[in-house]
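> Quick one: sequence plus predicted model below, questions after.
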Amino acid sequence: MTATTFGQQALARFDHDSRRAEVLGELHARPFPLIELPKTLVVLAFMNEDHGARDHEVLTKMSVKRGVPPPARDARTHSFAFGHGRLRWERHTEFCTYCWEGPVPERFGEPVAGHPFGADFEAPGPLIAGVHLEIRPNDPAGQAALASFDRTSFCYSVMESGLAHAATDFRQDGDGLTRILVLDEGLPPARAGALAMRLVEIEIYRTLALLGLPLAHAVGPQVQALEGRLVQITEEMKGEPGDSRGLLKEITLAAAEVEASAASVLYRFGASRAYDEIVRERLAGVGEQALAGQESWSAFLKRRMAPAMRTCRAVEERQANLSEKLARAANLLRTRIDVELEHQNRDLLASMNRRAQLQLRLQQTVEGLSVAAIGYYVVGLFGYVAKGLEHEGLPVSATLLTAAFVPFALVLVWMVVERIRRHHGRPAGDDEH
């Protein structure tokens, strides 16, 4: 038996699934950058309201201006040198990020020079989040920079198994950016890049997760009004049967409004849940360790974000429960309407039965009168015959003969009429027998 080895072209002869390259490439779609310390990161996140068309146009212009080939239309990442640093672009489902890595300013929080987001920068869409992150040595100057944060929302934790300390207050500076300070305790470039991007993503995704809260506040009164309509309808259903079809129409309209309301928030609430889960995953990924006397990132975000997420879930659950209750109420009304229709049909059938009986009696009366009338005409005709016989010498009076014929005439006419009635009352299939 000979051993088989794989060469560079060993798999080329096989047909490949068209999805294989995309699935394999997804693992490397957004690699963490290697960051040499110290470093400043300025990250802006923009919403893609036109499915990324404007974003691709802006990035293409920037790339061409810097003498760099523009990215493909379906590219997920793109980077090139800019000034004394490097610009890195990433495309996500509903937003894109522009991350510039450059040298740190003299002191933490000072304006950063050399970034691409000046007056010439064209925003590809509405700004949703911005981060100013600096990674500095954990020295007296770095510790002194911690005093610049707002103490009412100050978060400070040990991360990366003690190789870094991270601080923020989740507030925006004069440029509208959330400031984050990472104090280095020996981070290698790979772990520094991973930690920096995870902290940036925590800020971006927690902002996106909270986008569902204004929508929940806007939809809440509508849901409450529909709940009130449901109570009113059910109260009317408890009374005497009235305009059931009118109530059913109201329930149908209310159910349509609920479904329209639920559809309008379906994507946003689902996205908020997904983004909230990503925030939790990123917090778990940084290896956070709380410090005594300091509020950790996880504790702060849990305390501030959990009520908002519960509000979104509560509105979503109220919509689902309201839709279910409206469906049950509609089923009850349909049952009532069906019962009312059955009663109406029963009364209609009873009325039709009474009319049929009256018609039968009338028919029987008409049949009796018709026997008498036809018998009268038959007797009259027989009278002419009797008179003719008397005139020819029959020794019987014509009047007596006519009188004697009357019973026979009536019986004969009755038998003929009865035979005709039975013939018409026989089923159609019995005519041949």
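Perfect, thanks for sending it.

> next one: the helix or strand containing Thr365 to chain centre, how far?
Assessed by DSSP states H and E, Thr365 sits inside helix 297-391. Offset of helix 297-391 from its chain centre (C-alpha atoms, centre = their mean, to the nearest Å): 38 Å.

> Tell me the buried residues in the next helix-or-strand element following it?
Once the chain leaves helix 297-391, the next helix or strand it forms, by DSSP H and E, is helix 398-425. Within helix 398-425, the residues that qualify as buried are 398, 401-402, 405, 409-410, 413-414, 417, counting by 16 or more other C-beta atoms under 10 Å. In this view, the C-beta of every residue, glycine as well, is placed from N, C-alpha and C.

> same deal with stretch 119-139?
124-125, 128-136.

> and Arg171, helix, strand or coil?
strand (DSSP: H, G, I helix; E, B strand; the rest coil).

> now swap in the one 3 residues further on and tell me
Put simply, Gly174 is coil when judged by three-state DSSP.

> what's around it, how many residues?
A count of neighbours around Gly174, defined by other C-beta atoms under 10 Å, yields 7.

> okay, it: pLDDT?
On pLDDT, Gly174 comes in at 86.

> how much space between it and Phe121?
Distance of Gly174 to Phe121, given as C-beta to C-beta, to the nearest Å: 18 Å.

> same question, Phe14
47 Å.

> what stretches of the protein score poorly on pLDDT?
Counting by pLDDT under 70, the chain shows low-confidence ranges at 1-11, 24-30, 239-243, 364, 367-368, 424-433.

> any idea which strand is longest in it?
In the chain, with assignment by DSSP state E, the single longest strand is strand 127-137.

> partners of that strand, with directions?
Here strand 127-137 is paired, per DSSP bridges, with strand 39-47 (antiparallel), strand 178-184 (parallel).

> want to try CSV for these, with mean neighbour count as columns?
Shown next, in CSV, are the strands paired with strand 127-137 (neighbours: other C-beta atoms under 10 Å):
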stretch, mean neighbour count
strand 39-47, 23
strand 178-184, 23
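
> Figure out which of these is closest to Val385.
strand 39-47 (112.4 Å; C-beta to C-beta).

> how distant is the closest one from the center of its chain?
33 Å.

> in stretch 138-152, what counts as buried?
So for stretch 138-152, counting by 16+ other C-beta under 10 Å, buried means 142, 145-146, 149.

> just stretch 252-266 next, same as before
254-255, 257-258, 261-262, 265.

> Can you give the distance of it from its chain's centre?
9 Å.

> Looking at the record's assignment, how would you partition this protein?
As given by automatic domain parsing, the domain ranges for the chain are 29-197, 212-346, 355-422.

> Quick check: which of these is buried the most?
domain 29-197 (a mean of 17; mean count of other C-beta atoms under 10 Å).

> okay, the buried residues of helix 398-425 in a markdown table with distance to Leu358 next?
Rendered in a markdown table, the data for the buried residues of helix 398-425 read as follows (distance: C-beta to C-beta, whole Å):
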| residue | distance to Leu358 |
| --- | --- |
| Ala398 | 43 |
| Leu401 | 42 |
| Thr402 | 37 |
| Phe405 | 36 |
| Ala409 | 30 |
| Leu410 | 26 |
| Val413 | 25 |
| Trp414 | 23 |
| Val417 | 21 |
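
> Let me know the closest of the residues you listed to Pro70.
Val417 (103.6 Å).

> thought that closest one was touching Val371?
Yes. With contact defined as C-beta atoms under 8 Å, Val417 reaches Val371; the gap is 5.7 Å.

> Skipping adjacent residues, who's closest to Trp305 in space?
Careful, residue 305 is Met; it's not Trp. Distances taken as C-beta to C-beta, 6 or more residues apart in numbering place Arg206 nearest to Met305, at 6.2 Å, with adjacent residues excluded.

> which residues touch the one you found?
By C-beta atoms under 8 Å, 6 or more residues apart in numbering, Arg206 lies in contact with 275-276, 279, 301, 305.

> ok, so what distance separates it from Cys155?
12 Å.

> and if you look at Asn321?
Taking C-beta to C-beta, one finds Asn321 at 37 Å from Cys155.

> now do Ser296
From Ser296 to Cys155 the distance is 6 Å (C-beta to C-beta).

> What of Ala292?
The value you get for Ala292 to Cys155, if C-beta to C-beta is used, is 14 Å.

> got it, and Val258?
For Val258 relative to Cys155 (C-beta to C-beta), the value is 40 Å.

> before we move on, the earlier item: and the angle for the helix holding Thr365 with strand 178-184?
Between helix 297-391 and strand 178-184, the angle comes out at 130 degrees (axes from the mean of the first three to the mean of the last three C-alpha atoms, to 10 degrees).

> name the helices or strands packed onto the strand or helix carrying Lys249?
In the assignment (DSSP H and E), Lys249 maps to helix 244-285. Where contact means 3 or more C-beta pairs under 8 Å, 6 or more residues apart in numbering; DSSP states H and E, helix 244-285 is packed against helix 189-209, helix 212-238, helix 297-391.
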